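Enquirer: Quick one: sequence plus predicted model below, questions after.
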Amino acid sequence: MTFEDELRRRLQQLDYPASDVDGEALARAGRSRRRRRTTAFIGAAGAAAAVAVIVPLASVGAGGSRSAIGIPPPSRSSASDSLAAAFHIAAPQIQLVLGPVPQRRPPCRPTDVVARAEFRPTPSGDAGVISMVGKNCSLHIATGPTRFLDQHGASLSIPFAAPLGIVNPPENPRPDLALNGGVANWGFLWVGSWCGARPATIEVPLVDAPDEGGADYGTLRIPVVGTSLGCEGRSNARVVVGVAGREGEGVLPPSPALSSLRLHLSVPGRAAHGGLVDGVVLTIRNAGTAPVRLDPCPYLALVTDAHGVSGTEEDGSSLLLPCDRASVVAGGDEARFALPPLQYGEGAPTGHGGLRTGERVTINVAIASLPTASATTQVD
Amino acid sequence: MDATAEQEFRDYVVARGPALQRLAHAIAGGAAEAEDAVQEALIRVYMAWPRIRRRDAVDAYTRRVLVRELMSRRRQRLARPTGAMLSEPSMVSADAGIAERDVLRRALLQLPPRQRAVVVLRFLEDLSEAQTAEALGISPGAAKTHASRGLTRLRELLGPPEVAS
């Protein structure tokens, strides 16, 4: 008997804990998920749709007076302006995200990629987004942009780094969806003063990470437009590198201007019913004295943990704050947002998301660089 | 989805559920991971069911979804027990084959996930190199390489057939 035959025999004899797989339960879960995909808010496209359902309730002044925030009609970026939708702060990864990895195409070379880069001024620096579209190829980009060049091709001495040492750093849990598909945006934020030559080009190496072999496929050199960098006596500029994402996903790192904000969640005591938690209110409080402008506008990461007798199940989504309707949080003030109904126990389609009356659902909400807010309710 | 298609899906789950669980358990690092992956894969198959026009292609499609689901779980940083749809692992009865099976399971777990998946697909599912590559979304050459390296490592871990059997 060959080793292969022996292996085949022994694999056939491997036992496994047999479980009942309930086709009807799976079908219910599939139906529920299909409905949610078409009406709610998984992922980027859904997140854009959800702008219409996060409702800013009110701002409360330091003195306790309540003033309603006007709610203009929801605005959505058009599909033809993909960079506009990318100028948002990416959500942090506080959730388990599943799904098949899309197949990689051949690696993009620089000549296979149509790219552009654009700056926009924000309260705490110049936000930048790079758009890359590969022709029938996958983008192998391990680190994002790495340096600026001037109009003569000389490197500018501006350090590039990921946002380290912060809570809830921005992260796209599935960059493979953008990069393997060959169409991706990548964000960055320029902060500080710069008195040197004007940046004309940004470089993005097409390389694999060292633990994936470190293959080098060349370097993208992309002209940048829209720079408005200022000199304030001396150069201390640095570039904070964001994340990769698809069209409609936030890719920017968090703005330092958000640091005085704190999140708070409130939810009624028995607000979970039939797989949905309703009545969750997010309060964004400005603990500082200076007003904070929500620009770039951040995505929220939302996770529900359904705590049942057999374990905990996570369901996650991301939502874009309706910053156009609550754009500034004054010092000492707060803004409140009513969240849309949040789903829990999606993969356990046995009544109430797999939970029994009285069991708990915890809601977690995070914005990149800010501590996570949590609240718990019970199944009614 | 109409009632006929719904019934077809339920029949498919009944018929193929055990084989899918076996495949998942052979590839996954743990029972909970395997059960989660089977559940997720079958929900995805349900959602795609109306678009799967050739019923003879369902197995290949389901296997592809399941295997890629298992591979994608390598990317996850969190691991938690999940909801209540699948039952907890049952106790395995004691018999003379337990030690042998345990040795094989431990050896499989020492392979990198993709090598392990290739070995299981090739020698448990009896797929060709091309079918294995298709299930994993890799080239046939890569599947061949993974199989070769996986077998070499298993030989080291398990010893020759006469010792292993």
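Expert: Right, received. Where do you want to start?

Enquirer: average model confidence for the lengthiest helix in chain B?
Expert: Scanning chain B for the helix with the most residues, using DSSP state H, yields helix B:3-27. Across helix B:3-27, the average pLDDT comes to 87.

Enquirer: now for that helix, which elements pack on it?
Expert: helix A:23-39, helix B:31-48, helix B:58-72, helix B:113-123 (3 or more Cβ pairs under 8 Å, 6 or more residues apart in numbering or on different chains; DSSP states H and E). From N, CA and C alone the C-beta is placed, and that goes for glycine too.

Enquirer: just so I know, which of those helices lies nearest residue A:134?
Expert: Nearest to residue A:134 among the helices and strands packed on helix B:3-27 is helix B:58-72; the distance by Cβ to Cβ comes to 21.6 Å.

Enquirer: what about that closest one and chain A, any contact?
Expert: Yes. Counting by Cβ under 8 Å from any Cβ of the partner chain, contacts between helix B:58-72 and chain A involve B:64, B:65, B:68, B:69, B:71, B:72.

Enquirer: could you dump these to CSV with neighbour count?
Expert: Converted to CSV, those look like this (neighbours: other Cβ atoms under 10 Å in any protein chain shown):
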residue, neighbour count
B:64, 17
B:65, 22
B:68, 22
B:69, 23
B:71, 20
B:72, 19
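
Enquirer: Just name the closest of the residues you listed to chain A, please.
Expert: Using Cβ to the nearest Cβ, residue B:68 is the member of the residues of helix B:58-72 next to chain A that lies nearest chain A, at 3.4 Å.

Enquirer: so the closest one touches residue B:137, yeah?
Expert: Yes. Taking Cβ atoms under 8 Å as the definition, residue B:68 is a contact partner of residue B:137 at 6.2 Å.

Enquirer: who's in contact with the residue positioned nearest the centre of chain A?
Expert: For chain A, residue A:91 is the residue whose C-alpha lies nearest the centre (Cα atoms, centre = their mean; 3.0 Å). Counting by Cβ atoms under 8 Å, 6 or more residues apart in numbering or on different chains, residue A:91 makes contact with A:170, A:171, A:250, A:298, A:299, A:300, A:301, A:318, A:366, A:367, A:368.

Enquirer: can I assume the fourth one sits in a strand?
Expert: The one in question is residue A:298. Yes. Counting by DSSP: H, G, I helix; E, B strand; the rest coil, residue A:298 falls inside a strand.

Enquirer: tell me which residues form a beta bridge with it?
Expert: As for beta bridges, residue A:298 partners with residue A:89 under DSSP bridges.

Enquirer: Quick check: the gap between it and residue A:11.
Expert: Using Cβ to Cβ, to the nearest Å, one obtains 49 Å as the distance from residue A:298 to residue A:11.

Enquirer: The third one now?
Expert: For residue A:250, the distance to residue A:11 under the criterion Cβ to Cβ works out to 45 Å.

Enquirer: The helices and strands packed on helix B:3-27: which one's closest to residue A:237?
Expert: helix B:58-72 (38.2 Å).

Enquirer: which residues touch that closest one?
Expert: By Cβ under 8 Å, 6+ apart, the surrounding residues in contact with helix B:58-72 are A:98-101, B:12, B:16, B:20, B:23-24, B:27-28, B:33-34, B:37-38, B:40-42, B:44-45, B:48, B:52, B:113-114, B:117, B:121, B:125, B:131, B:134-137.

Enquirer: sorry, back to before: tell me the one of the contacts of residue A:91 nearest chain B?
Expert: Distance to chain B across the contacts of residue A:91 (Cβ to the nearest Cβ) is lowest for residue A:171, with 9.9 Å.

Enquirer: Verify the contact between that closest one and residue A:94 for me.
Expert: No. Counting by Cβ under 8 Å, residue A:171 sits too far from residue A:94 to count as a contact (9.2 Å).

Enquirer: What separation do you get for the residue nearest to the centre of chain A and residue A:251?
Expert: As for residue A:91, its distance to residue A:251 is 11 Å (criterion: Cβ to Cβ).

Enquirer: Turn the helices and strands packed on helix B:3-27 into a markdown table, columns for distance to residue A:155 and mean pLDDT.
Expert: As requested, the helices and strands packed on helix B:3-27 are arranged in a markdown table below (distance: least, Cβ to Cβ, whole Å; pLDDT from 0 to 100):
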| stretch | distance to residue A:155 | mean pLDDT |
| --- | --- | --- |
| helix A:23-39 | 45 | 61 |
| helix B:31-48 | 46 | 82 |
| helix B:58-72 | 38 | 84 |
| helix B:113-123 | 38 | 91 |
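
Enquirer: what's the closest of the ones you listed to residue A:356?
Expert: helix A:23-39 (15.9 Å).

Enquirer: got a pLDDT number for residue 159?
Expert: Using chain A. Listed pLDDT for residue A:159 reads 94.

Enquirer: that's the wrong chain, I meant chain B
Expert: Listed pLDDT for residue B:159 reads 77.

Enquirer: what's the answer for residue A:204, then?
Expert: pLDDT, residue A:204: 97.

Enquirer: how many other residues sit next to the closest residue to it other than its chain neighbours?
Expert: In this structure, residue A:204 finds its nearest non-sequential neighbour in residue A:220, 4.3 Å apart by Cβ to Cβ, 6 or more residues apart in numbering or on different chains. Using other Cβ atoms under 10 Å in any protein chain shown, residue A:220 has 22 other residues around it.

Enquirer: And residue A:220, its phi and psi?
Expert: Dihedral pair for residue A:220: phi -80, psi 130, per degrees, to the nearest 10.

Enquirer: any idea how far it lies from residue A:243?
Expert: In this view, residue A:220 and residue A:243 are 17 Å apart by Cβ to Cβ.

Enquirer: ok so, going back, format the contacts of residue A:91 as TSV; extra columns: distance to residue A:266.
Expert: Compiled in TSV, the contacts of residue A:91 are given as follows (distance: Cβ to Cβ, whole Å):
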residue	distance to residue A:266
A:170	25
A:171	27
A:250	25
A:298	20
A:299	21
A:300	15
A:301	18
A:318	21
A:366	16
A:367	17
A:368	22
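
Enquirer: so which of the residues you listed comes closest to residue A:127?
Expert: Distances from residue A:127 to the contacts of residue A:91, taken as Cβ to Cβ, are shortest for residue A:250 (10.6 Å).

Enquirer: circling back to that earlier point, between residue A:298 and residue A:11, which is the more surrounded one?
Expert: When residue A:298 and residue A:11 are compared on other Cβ under 10 Å, the one with more neighbours turns out to be residue A:298, at 29 against 20.

Enquirer: I would like the residues contacting the longest helix of chain B, please.
Expert: Against helix B:3-27 from outside (Cβ under 8 Å, 6+ apart): A:11, A:14, A:16-19, A:21-24, A:26-27, B:1, B:31, B:34-35, B:37-38, B:41-42, B:45-46, B:49-50, B:55, B:58-59, B:62-63, B:66-67, B:70, B:108, B:113, B:116-117, B:120-121, B:124-125.
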